[in-house]
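Q: Predicted model follows, preceded by the sequence.
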Amino acid sequence: MLVDIQNLRVSFATRTGTFEAVRGVSFKIGTEKLGIVGESGSGKSLTARALMRLLPPNARIDADRLNFDGTDILKADERTMRGIRGKRAGFILQDPKYSLNPVMTIGRQVAESWRQHKGGSRKQALEAAVDLLDQVRIRDPRRVCDLYPHEVSGGMGQRVMIAMMLAPDPALLIADEPTSALDATVQAEILRLMEDLVSKRGMGLILISHDLPLVSHFCDRVAVMYAGHVMEELSAGTLAQAKHPYTKGLLNCLPSLTHPKPRLPVLTRDAAWLQS
Amino acid sequence: MIKVEQLRVRFGDNEVVKGVSIHVPAGGSFGIVGESGSGKSTVLRALSGLNDAWTGNITIDGQSVGPRRNRAFFQKVQMVFQDPYGSLHPRQTIDRILSEPLLVHGIGDIERRIETALAEVALPSAARFRYPHQLSGGQRQRVAIARALIAEPEILLLDEPTSALDVSVQAEILNLLADLRERRQLTYILVSHNLAVVSHLCPTVGVMLGGQMVEVISAEDLRAGKTQHPHTSELRALSVGLEEPA
Ligand SMILES: Nc1ncnc2c1ncn2[C@@H]1O[C@H](COP(=O)(O)OP(=O)(O)OP(=O)(O)O)[C@@H](O)[C@H]1O
Ligand SMILES: Nc1ncnc2c1ncn2[C@@H]1O[C@H](COP(=O)(O)OP(=O)(O)OP(=O)(O)O)[C@@H](O)[C@H]1O
Ligand SMILES: [Mg+2]
Ligand SMILES: [Mg+2]
């Protein structure tokens, strides 16, 4: 099992008491694609960050089990964690442009990350960077190499992050909203790239996304989160036939190109969802 | 209300917007879709006065606007940025971020307006005294929308405003935007890569590719597949493909 999470809890001490953001999340993944969907603020990003131990200092983390590839993340020392982050596990963060170094050109950042894993000369690394940017369908990659993060578009920033993950050969890729700023043509290409990584390199993928149709088409399984809990887990292809009222409510809110609705239905939240 | 003629924007010797024209009547909504990197955000930034290196003509409410804008302009026109993280001051609480536009434009009743603005974008009042980094991605995006709405602008420029929202909150925001258009004649330009979202709110949609607006199409024709340009057809086909069950 690549990832084994049992009863994960993340909480914050606030002025008004303890805020429990993640309230007992469990799932396992192997060489497969797990999608995580659900409410904004339900703890999707924090769950992913907990697995990499990338939480803010005031966060408290608890779990019966939090294992990555045989390593107990709760007990691992910082050195072990550094060997995992960005190497055995790649992490594409939400807000990609803010994970890039603002004072280093795109080309140098991609080249450095390539060199860390593959070695070689600076010049070779820069050539590799141009090629990686080309693979994520960035137009005119040579020009883009000389730009700084604030000079690229939202979707280009996302693709730069993805390009940096293509070098290290991770066992697991965690991608938090990796394609939210991409048009459909580029998105399709990026998904093909990720599919390749999963099937050819035998990688596991955790894809966090609000795009229900995309997750349903692309992933193997989906976990649906609401208020810090996993409400249900189902095989991705059957998302449209979900049983849980929250999931059904979500699907109902989707605008559609082919079946327009004059006004979008909204979700009526039910306290009973959190009871069981 | 908004008239853009032959807008061109260049960075150094790289021209990224190559003669784009957009017309939006008062109370109308215009959607922009298109390839990532095609210049959508650059068009909005030039319109909102954040980039003064453009040529062409921009007329707002019958008045031609130059590169520099005055305070009255910023009360009339507000923008929601594509990356909410970068547009929210990291050391200001949400309360401070939302009061600022009210103070700048001398609008009173701050307490009530902040409460209303938070509720309208479905943020819990607990978010009010937090800092941006203490919120989730979608919560930050909602703060950015609340800030743009709070000073009651007449024109709203929205750059991927729902990209980080789950579809239930997205529905609430889209309904809110539709209500405001009805109630206050608000005029929108909405950039999004999601064709279903764009065609839900906007009767007219412009498609951008490589700095040009290659097609302007009605939402109705887009739905029906009466597309002219291959890029539009491709975007539509992929979107329709995803709507079919897996
Ligand atoms: N540093 C922090 N201090 C206090 N609360 C926090 C902090 N970081 C996150 N939270 C809260 O924890 C909850 C879960 O956040 P998380 O970022 O995991 O949400 P998410 O499911 O990824 O949402 P989104 O889809 O909007 O990105 C949110 O309610 C958020 O406000
Ligand atoms: N400050 C800048 N300096 C140099 N080039 C820039 C700058 N800002 C934008 N560009 C370039 O302009 C082009 C258009 O960028 P823009 O952000 O408008 O694209 P977009 O259509 O909004 O894309 P996305 O859908 O990915 O957000 C890109 O090639 C980008 O690299
Ligand atoms: Mg998140
Ligand atoms: Mg953009």
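A: Ah, there it is. Keep in mind that this is a model prediction, so the values were computed, not measured. Ligands and ions are numbered 1, 2, ... in the order given.
Q: And the helices in chain B?
A: Shown for chain B, the helices assigned by DSSP state H span residues B:40-47, B:71-76, B:84-87, B:94-104, B:110-120, B:137-150, B:167-184, B:195-201, B:219-224, B:230-243.
Q: Pick out the shakiest of those, pLDDT-wise.
A: Among the helices of chain B, helix B:84-87 has the lowest mean pLDDT, at a mean of 78.
Q: hmm, the helix or strand in which A:I174 is found touching ligand 3?
A: Using DSSP states H and E, the element containing A:I174 is strand A:172-176. No - contact between strand A:172-176 and ligand 3 is absent, the nearest approach being 5.9 Å (criterion: CB under 5 Å from the ion). (Glycine included, C-beta is placed from N, CA and C.)
Q: Got phi/psi on the nearest residue to A:R65 once chain neighbours are set aside?
A: Residue nearest to A:R65 in three dimensions, not counting chain neighbours: A:Q6, with 3.7 Å by CB to CB, 6 or more residues apart in numbering or on different chains. Torsion angles at A:Q6 (phi, psi; degrees, to the nearest 10) stand at phi -130, psi 120.
Q: tell me the centre residue of chain B?
A: With distances taken as CA atoms, centre = their mean, B:L158 lies nearest the centre of chain B, 0.6 Å away.
Q: hang on, isn't that residue packed against B:V191?
A: Yes - when contacts are counted by CB atoms under 8 Å, B:L158 is listed as touching B:V191 (6.7 Å).
Q: returning to that earlier point: direction included, what does the strand holding A:I174 pair up with?
A: Sheet pairing for strand A:172-176, assigned by DSSP bridges, gives strand A:89-92 (parallel), strand A:204-208 (parallel).
Q: and of those strands, who's closest to A:G17?
A: strand A:204-208 (27.6 Å; CB to CB).
Q: A:S256: how many residues sit nearby?
A: Residues lying near A:S256 (other CB atoms under 10 Å in any protein chain shown) number 17.
Q: Could you check what's spatially nearest to it, not counting adjacent residues?
A: Excluding its sequence neighbours, the residue lying closest to A:S256 (CB to CB, 6+ apart) is B:A196, at 5.4 Å.
Q: Compute the number of surrounding residues for the one you found.
A: Neighbour number of B:A196 under other CB under 10 Å is 20.
Q: Contacts only, for it.
A: A:L254, A:P255, A:S256, A:L257, B:S239, B:E243 (CB atoms under 8 Å, 6 or more residues apart in numbering or on different chains).
Q: any idea how far it lies from A:M165?
A: Distance, B:A196 to A:M165, by CB to CB, to the nearest Å: 29 Å.
Q: Check A:G70 too.
A: As judged by CB to CB, A:G70 and A:M165 stand 22 Å apart.
Q: Between the two, which is the more surrounded one?
A: A direct count of neighbours by other CB under 10 Å for A:G70 and A:M165 places A:M165 higher, at 24 against 8.
Q: now that one, nearest residue through space, not along the chain?
A: Once flanking residues are discounted, A:M165 sits nearest to A:G90: 4.0 Å by CB to CB, 6+ apart.
Q: quick one: contacts for B:L158?
A: Listed by CB under 8 Å, 6+ apart, the contact partners of B:L158 are B:M79, B:V80, B:I145, B:A148, B:L177, B:Y188, B:I189, B:L190, B:V191, B:S192.
Q: which residue ranges form the strands in the stretch 151-276 of chain A?
A: A:172-176, A:204-208, A:221-226, A:229-235 (DSSP state E, counting those that start in this stretch).
Q: right, I mislabeled it, should have said the stretch 1-150 of chain A
A: All strands of the stretch 1-150 of chain A, identified by DSSP E, counting those that start in this stretch, fall at A:3-14, A:17-29, A:33-38, A:59-62, A:65-68, A:71-72, A:89-92.
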